[in-house]
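[1] Give me a model of this one.
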Amino acid sequence: MNPYALSIMLSSLATGTIMVMSGSHWLLVWMGLEINTLAIIPLMNQQLHPRSTEATMKYFLTQAVASALILFSATTNAWLTGQWEMKELLPMQANMTTIALMMKIGLAPMHFWLPEVLQGVDLTTGLILSTWQKIAPMTMIFMIHNTLNPYLLTPMAIMSTIIGGWGGLNQTQLRKIMAYSSIAHLGWMMTMATTCPNLMMLNFMVYLIMTSSMFLTMKYLKTTSINLLYLSWSNTPTMMAISSMTLLSLGGLPPTSGFMPKWLILQELTKHNTVTTATILALSSLLSLFFYLRLTYTMVLTNSPNTSNATITWRRKSNQTSTIYSLMTIMAILLLPITPSMLLL
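    Now for the predicted structure:
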C-alpha cells in the first residue's frame, strides 16, 4: 500500500478510537465507530485475494449491522428522553446497544464472523482487529455499564467462554486459534462489566498485551499454522521458549501475567455469591488451556534430537524490529508481582 494512504488509514483508526473515548454524545461516538470501521477496510483488502475480499465483506456487513443498531437505539432513546447523553439509556435501548456492542467485539453468540475474518487477513491486520479495534467498543461498555442488563450479559459471557474454549480445540490455523482465544477472554471480561468495570478494563489491558505479543511472534516467525511451528525451534530457540511462556500466560497459569485477571475475577464473583458462574468460568478455561498447551508442546517439545532429513531452516538475521515484541512479551509474562499496585489504579 502507498505510504501516504497507509498513514491516512492509521491516523483515521487513531482518530475514530479517540473520538469514542473522549465523547459523551451518541452521534459523536457513532461517528467515531464508523471512522474506525471504514479506516480498516482498505487494510484488510490490500492483498487483493478472494479470501481477503470475503473476510472484508463479512467484517463490513457485521459492523454495518451493529452500527445501524446502535444508531437506532440512540435515536429512539433521544426521542423518548429528549437528550443524547450516553449515560441516560432506557432498558430496551440499553439491551439493543448491548447486543450491537457484543456483535462488534465478537462475543458469543454473535461471534461467527471473527474466526473467518481473522483467517482471511494477514497477521498485521489480524493484530489490529484483535487489539485496537476492540478498544472503542470496550470503552463504550465501560461508559454505559450502569445501564447494562446483567441478566442478558452474564449468559452471553458464560456462553462465550465455553464456545471460545470448545471452538479452538480442533483448529490447526493459528489465526483461528487466536480468534477463539479472543472470544473466551471477552467472556471473562463481560462477567465483570456490570459489577466491577474497572476489573474488566484491567483484564482487557492484560489481554491486549498478551495478544499483541503472540501476534508479533507469529509475524516475526512468519507462521500461520501449527505445522510451521515444528521448524521454528531450530531457527529461533530463544523466541520459541519465551513464546511458550506467553501461551501459558494466555491460558492463565501462574506465575504469568494472565493469571492476574482470572484470579481477581474469580475472587470478585465469589464475593458476589455467584459461585456457579465462577465454577463454569474456571472449568471452561481448561478447554482453552488445552489448545494453548498443544501449541506449547508443538513449539518446544517436538524437536527430535536425531538428524532430520528435512530441509534445514537456516538462521538468517531478521530485518524486523523486535523492540515492541520484547516489551510486550516481558509485560505478558512478568506483571503478576505488581498486582497490588494495579488494583490501586
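[2] For the residue lying closest to Met192 once chain neighbours are set aside, grab the count of nearby residues.
    The shortest distance from Met192 to any non-neighbouring residue, by C-beta to C-beta, 6 or more residues apart in numbering, is to Met200 (4.1 Å). Placement of C-beta: from N, CA and C, glycine included. Neighbourhood size, Met200 [other C-beta atoms under 10 Å]: 23.
[3] quick one, what contacts Met200?
    Contact analysis of Met200 by C-beta atoms under 8 Å, 6 or more residues apart in numbering lists Met138, Ile141, Phe142, His145, Met189, Met190, Met192, Ala193.
[4] Just the ones of these in helices?
    Met138, Ile141, Phe142, Met189, Met190 (DSSP state H).
[5] Who are the contact partners of the fourth one?
    Remark: with contacts taken as C-beta under 8 Å, 6+ apart, Met189 is in contact with Met138, Ala157, Met200, Asn203, Phe204, Tyr207.
[6] Point me to the helix or strand that includes the fourth one.
    If you go by DSSP states H and E, Asn203 is part of helix 197-221.
[7] Just give the nearest non-adjacent residue to Tyr325, would you?
    Closest residue in space to Tyr325, ignoring its immediate chain neighbours: Leu216 at 4.2 Å, by C-beta to C-beta, 6+ apart.
[8] ok so, going back, I'd like to know which of the contacts of Met189 are buried.
    Met138, Ala157, Met200, Asn203, Phe204, Tyr207 (16 or more other C-beta atoms under 10 Å).
[9] Only the buried subset of the contacts of Met200, as a ChimeraX command please.
    Only the buried entries of the contacts of Met200 go into this ChimeraX selection, using 16+ other C-beta under 10 Å:
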select :138,141,145,189,190,192,193
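[10] Quickly name whichever of the contacts of Met200 is closest to Thr302.
    Using C-beta to C-beta, Met189 comes nearest to Thr302 of the contacts of Met200, at 33.1 Å.
[11] which residues touch the closest residue to Gly120 other than its chain neighbours?
    Spatially, and ignoring its direct neighbours in sequence, Gly120 is nearest to Ala55 (2.7 Å; C-beta to C-beta, 6+ apart). Shown in contact with Ala55 (C-beta under 8 Å, 6+ apart): Met44, Glu116, Val117, Leu118, Gln119, Gly120, Val121.
[12] And the nearest residue to Val29 once chain neighbours are set aside, what's its pLDDT?
    With sequence-adjacent residues excluded and distances taken as C-beta to C-beta, 6+ apart, Val29 is closest to Gly23, at 4.7 Å. With respect to pLDDT, Gly23 scores 85.
[13] Ok, Leu334 next?
    Confidence score, pLDDT, at Leu334: 88.
[14] Can you report phi and psi for it?
    Per-residue torsions, Leu334: phi -110, psi 20 (degrees, to the nearest 10).
[15] same check, this time on Gln173
    Here is the backbone geometry of Gln173 (degrees, to the nearest 10): phi -90, psi 130.
[16] Please report how far the nearest residue to it once chain neighbours are set aside lies from Trp84.
    Sequence neighbours aside, Ser225 is the residue nearest to Gln173 in space, at 5.4 Å (criterion: C-beta to C-beta, 6+ apart). Distance, Ser225 to Trp84, by C-beta to C-beta, to the nearest Å: 47 Å.
[17] picking up where we left off before, what sits up against whatever helix or strand comes next after the helix holding Asn203?
    For helix 197-221, the succeeding helix or strand toward the C-terminus, using DSSP H and E, is helix 226-229. For helix 226-229, contacts defined as C-beta under 8 Å, 6+ apart pick out Thr172, Gln173, Leu174, Leu221, Lys222, Thr223, Arg294, Leu295, Thr298, Met299.
[18] Cheers, nothing more for now.
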